[in-house]
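S.K.: coords below, sequence missing:
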């Protein structure tokens with residue numbers, strides 16, 4: 001093998017089966033937690049984190065202030081964290 005090939009392979013270490021399963025379970029828990037959010041919080045949370053809109057852009061879409069969106073996203077984030085913590089702690 002060439003040194004370059006070895007170097008590329010070293011940078012992309014494949015995940016083990018255990019790591020892949022844990023990541024899949026964690027993603028499922030995350031999306032279930034997001035799905036349990038109230039509709040407005042879920043929508044704002046996804047617009048901010050999934051679609052990379054900022055608070056001002058979301059505020060314009062939702063006809064509210066950026067600070068209201070920021071508070072809504074912050075509360076949603078805490079709810080998701082709490083939900084994840086509940087399942088991920090031993």
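M.R.: Done, it's in. The shown structure was predicted, so the numbers you read here are calculated from the model rather than taken from an experiment.
S.K.: how close does the spatially most central residue of the chain get to residue 14?
M.R.: By CA atoms, centre = their mean, the chain has its centre lying nearest to residue 49, at 6.5 Å. With the distance defined as CB to CB, to the nearest Å, residue 49 ends up 27 Å from residue 14. Where C-beta positions appear, they are placed from N, C-alpha and C, glycine not excepted.
S.K.: Isn't residue 84 up against residue 32?
M.R.: No. At 9.7 Å, residue 84 does not count as touching residue 32 under the criterion of CB atoms under 8 Å.
S.K.: buried residues in stretch 62-75?
M.R.: Using 16 or more other CB atoms under 10 Å as the test for burial, stretch 62-75 gives 62, 69, 70, 72, 73.
S.K.: thought the last one was touching residue 53?
M.R.: Think residue 73. No. Using CB under 8 Å, residue 73 is not in contact with residue 53; the gap is 10.3 Å.
S.K.: what's the longest helix anywhere in the chain packed up against?
M.R.: Of all the segments of type helix in the chain, defined by DSSP state H, the longest one is helix 66-88. Helix 66-88 sits against helix 17-35, helix 39-49, helix 55-62, with contacts defined as 3 or more CB pairs under 8 Å, 6 or more residues apart in numbering; DSSP states H and E.
S.K.: Distance of residue 5 relative to residue 15?
M.R.: To residue 15, residue 5 is 20 Å away according to CB to CB.
S.K.: ugh, typo on my part, it should be residue 36
M.R.: Note on residue 36: its distance to residue 15, by CB to CB, is 28 Å.
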